[in-house]
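Enquirer: With the input below, show me the fold.
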Amino acid sequence: MNKYIRFDWAMKRLLRNKANHVVLEGFLSVLLEQDIKILHFLESEGNKTDAADKYNRVDIMCEDAGGRKIIIEVQNERQYGYLYRMLYGTSKVITDYMESGDKYEKVQKVFSINIVYFDLGQGSDYVYRGRTDFRGLHDGELLKLSRKQRELFGGEEPGDLMPEYFVLKVNNFNKVAKESLDQWISFLKTGDIPDNFTAQGLPEARERLRVDSLPDKERLEYTRELERRAIENDVMRTYYIDGKDDGLKEGYEEGMEKGMEKGMEKGMEKGATDKALGIARNLKSMGLSVAEIIKATGLTEEQINAL
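Expert: Got it, this is the predicted structure:
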């Protein structure tokens, strides 16, 4: 186990602490190439921290000093519809923080930052940025804001007002980390912060995200979470491969498609059951009743009594 805490676990437990904002602010400032100061954290779907939720996904949402909303999400397992979820996430933030009758000028800029540990789409780069641009169909001219719009809203182009997306395909990073962003991507991939890494936020991360600095109870929880993730990833890979092999036997033309579907289906089903059993085992050891465990995990009484 690396001596530094994984960034996604730190997002759940540590980075919401005001004393540790400097770490997250450093990461955001390097990525967005502008100074970011977190005003406060906002409610989001991933703010839950119990063991039964967000196993493969962690997200936080904060607001900077300029009122702009920033969503940061970590996804550990493949999800084919992830791009739609990015779109849904930004749309929901915009609507949730608008009051009925508000003028459209109240819409705030939203940044969606997605740290993914799977091959999202096709592309060999490790950092992608998405903006909304309006270009003329005939001359390719980029639409600009009028002088009055610039005075009222700031920015130069419509894309300066609309949601902006970043996708960090961490597993694609295989370079020597020299630039600040590369140093952060290296940390996200390896969990290590070499002594020569000086990117904004990393010196503080080196000091505050040490595993040995955690209280005994939290260090045990962190170790168990890493073990659970390793087991589930192994289960998913095994059933994915088994399902793909079964599919290949059914015919060359349809084999790959059927294999992928069958493998993912079996892997997700088995992984979900194993995860629920692990949670039930922990709850049982804590003295919760069978009825309470059934309610928390969805398992049957027979499955729980067999533990």
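
Enquirer: And residue 203, how far from residue 284?
Expert: Distance of residue 203 to residue 284, given as C-beta to C-beta, to the nearest Å: 43 Å. For the C-beta atoms, the positions are set from N, CA and C on the backbone; glycine is no exception.

Enquirer: Surely residue 111 is in a helix?
Expert: No - counting by DSSP: H, G, I helix; E, B strand; the rest coil, residue 111 is not found in a helix; it is strand.

Enquirer: Let me see the contact set for it.
Expert: 32, 68-71, 163-166 (C-beta atoms under 8 Å, 6 or more residues apart in numbering).

Enquirer: at 10 Å what do you get?
Expert: 28, 31-32, 36, 62, 64, 68-72, 90, 93, 163-166 (C-beta atoms under 10 Å, 6 or more residues apart in numbering).

Enquirer: Likewise for residue 297?
Expert: Residue 297 neighbours (C-beta under 10 Å, 6+ apart): 52, 273, 275-281, 283, 303-304.

Enquirer: for residue 289, same thing?
Expert: Counted by C-beta under 10 Å, 6+ apart, residue 289 has contacts 283, 295, 304.

Enquirer: Chain neighbours aside, what residue packs nearest to the first one?
Expert: Residue nearest to residue 283 in three dimensions, not counting chain neighbours: residue 293, with 4.9 Å by C-beta to C-beta, 6 or more residues apart in numbering.

Enquirer: how about that neighbour, secondary structure?
Expert: Under three-state DSSP, residue 293 falls in the helix class.

Enquirer: where in the stretch 1-150 of the chain is pLDDT low?
Expert: 1-2, 43-58 (pLDDT under 70).

Enquirer: Would you map the helices across it?
Expert: For the stretch 1-150 of the chain, helices defined by DSSP state H, counting those that start in this stretch occupy the ranges 7-13, 21-32, 82-96, 147-153.

Enquirer: Arrange those in JSON lines, one row each, with distance to residue 225 and mean neighbour count as further columns.
Expert: Converted to JSON lines, those look like this (distance: least, C-beta to C-beta, whole Å; neighbours: other C-beta atoms under 10 Å):
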{"stretch": "helix 7-13", "distance to residue 225": "6", "mean neighbour count": "21"}
{"stretch": "helix 21-32", "distance to residue 225": "19", "mean neighbour count": "21"}
{"stretch": "helix 82-96", "distance to residue 225": "22", "mean neighbour count": "15"}
{"stretch": "helix 147-153", "distance to residue 225": "43", "mean neighbour count": "11"}
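
Enquirer: how about those helices in a markdown table, adding distance to residue 104?
Expert: Conversion of the helices of the stretch 1-150 of the chain to a markdown table gives the following (distance: least, C-beta to C-beta, whole Å):
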| stretch | distance to residue 104 |
| --- | --- |
| helix 7-13 | 32 |
| helix 21-32 | 24 |
| helix 82-96 | 10 |
| helix 147-153 | 10 |
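
Enquirer: thinking again about what came up before, just the buried residues of the contacts of residue 297.
Expert: For the contacts of residue 297, a burial check counting by 16 or more other C-beta atoms under 10 Å picks out 275-280, 283, 303-304.

Enquirer: Among these, which ones are in helices?
Expert: 275-280, 283, 303-304 (DSSP state H).

Enquirer: Return the item of those residues having minimum pLDDT.
Expert: Lowest in pLDDT among those is residue 283, which has 73.

Enquirer: middle-most residue in the protein, spatially?
Expert: Residue closest to the average C-alpha location in the chain (C-alpha atoms, centre = their mean): residue 74, at 1.4 Å.

Enquirer: what's the spacing between that one and residue 223?
Expert: Distance from residue 74 to residue 223, by C-beta to C-beta: 19 Å.

Enquirer: go on, residue 115?
Expert: Separation of residue 115 from residue 223 (C-beta to C-beta) stands at 22 Å.

Enquirer: Have a look at those two and say which one is more surrounded.
Expert: Set residue 115 next to residue 223 and count neighbours by other C-beta atoms under 10 Å: residue 115 wins out with 23 against 13.
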